[in-house]
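**Student:** after the sequence you'll find the predicted model.
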Amino acid sequence: MKFRRTAFAALLMLPCLGADECHDVKGVKVFLSPANHGGGNIGCNGFNEDDGAWASAQVAAQVLGGHGYVVKVGTGNYEANFNESNAWGADVHVPVHSNAGAWGCQEDSPANLGGTWAMYRTEGSTGQQLAADILESVGPVSPGTNDKLDRRTDLLELKTQARAAYAEMGFHTYYWDVVWMAFDANSAGRALAAGIHKHCLVVGCKNAGAAAADEPLELTARRAAAEFDLVDGEPRPEIVDALSERLWELDPALADAVVAVTEVDGVLVVELHDIRHLGTGHQFWAAGIPRMVFALTELDELVFTIEGESAPFCEWTESDCLALARE
């Protein structure tokens, strides 16, 4: 358990030694985007990711409002919240979720089955700093110990006009993280607000928008994933065999995940069975499966589909539905 570190984390909330060293946060527009999966992501003891994220976001909004921020909490799915945040002119955009991994729903489950993950888009950007500040604040409070700062280039909500960072507060597949998120949303929300507030005091968020460093690092002509729906291509059976073997080693439940792999116009298309019941889409990326596929091919673009269609996969992973580019 990491609650003993809370007092230290609180000290980090005092970064300004003089008034001229603090940025003015009054009027900074923060858009919080809690998970809205339609109640489909259920964890230990029936915990619902949507409910947990909403509760934490509501507390964070109240705390930030007390500091003078103008806060909106999105009520739509990730696409609707992305559009609303941009239309509103948010300075800071923070999706609030919980993660999934190996199940650890017993009280004596190892602490490394839970933890806080914060995600950003571009190395060296203010978005990365925002993610790091959120992790520094929330990580010591969440019971799990598997805390991680993670770069993600596929998530739509990391591409808002606002500076953005993604907060996976804890793992809803780990017992003590669930207890924390379900019964101490006040602590979770306050920790999230503390990370955002610390960042804006030190780095400055007013009229920030997305910094130039947050421009996409991707191929200039990424193609829409839907272009490859149900398109016949050149079969790549050797990749099917190699990928299936690696997925089985990752999790035996994924042994039969791959239906087919084909090459279409220089893009590798991986068709999967419907594996959405095995975990969250974010966990699919966290497991490194795209990197695993790129290691098996010479091609520079990759598309995943679920039973031949890209849209279900994109919705599950909350991605931008463009072909992935090799980094």
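**Tutor:** Sure, I can see it.

**Student:** what are the phi and psi angles of K29?
**Tutor:** With angles defined as degrees, to the nearest 10, K29 sits at phi -100, psi 120.

**Student:** neighbours of it, how many?
**Tutor:** 20 (other Cβ atoms under 10 Å). Just so you know, the C-beta spots here come from the backbone N, C-alpha and C atoms, and that holds for glycine as well.

**Student:** correct me, but it touches N86?
**Tutor:** No: taking Cβ atoms under 8 Å as the definition, K29 is not a contact partner of N86, at 11.5 Å.

**Student:** joint contacts of the two?
**Tutor:** A162 (Cβ atoms under 8 Å, 6 or more residues apart in numbering).

**Student:** what about the strands in the chain?
**Tutor:** All strands of the chain, identified by DSSP state E, fall at 29-34, 70-73, 92-99, 117-120, 148-151, 163-164, 166-171, 234-235, 258-264, 267-272, 301-306, 324-325.

**Student:** adding mean pLDDT, write those out as TSV.
**Tutor:** Output for these, formatted as TSV (pLDDT from 0 to 100):
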stretch	mean pLDDT
strand 29-34	97
strand 70-73	98
strand 92-99	97
strand 117-120	96
strand 148-151	93
strand 163-164	96
strand 166-171	97
strand 234-235	96
strand 258-264	96
strand 267-272	96
strand 301-306	95
strand 324-325	88
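
**Student:** buried deepest among those strands, which one?
**Tutor:** Comparing the strands of the chain by mean neighbour count (mean count of other Cβ atoms under 10 Å), strand 166-171 comes out on top with a mean of 31.

**Student:** hey, C-alpha coordinates of it in CSV?
**Tutor:** The C-alpha trace of strand 166-171 is given here as CSV (Å, rounded to 0.1, in the frame of the first residue of the first chain):
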residue,chain,number,x,y,z
TYR,A,166,-4.7,11.0,-20.0
ALA,A,167,-5.3,9.8,-16.4
GLU,A,168,-5.8,6.0,-15.8
MET,A,169,-6.5,6.5,-12.1
GLY,A,170,-6.0,2.8,-11.1
PHE,A,171,-6.8,-0.7,-12.3
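
**Student:** next, the angle from that strand to strand 92-99.
**Tutor:** 30 degrees (axes from the mean of the first three to the mean of the last three Cα atoms, to 10 degrees).

**Student:** I'd like to know which elements strand 166-171 is packed against.
**Tutor:** Packing contacts for strand 166-171, counted by 3 or more Cβ pairs under 8 Å, 6 or more residues apart in numbering; DSSP states H and E, involve helix 49-67, strand 92-99, strand 117-120, helix 126-138, helix 175-183, helix 185-202.
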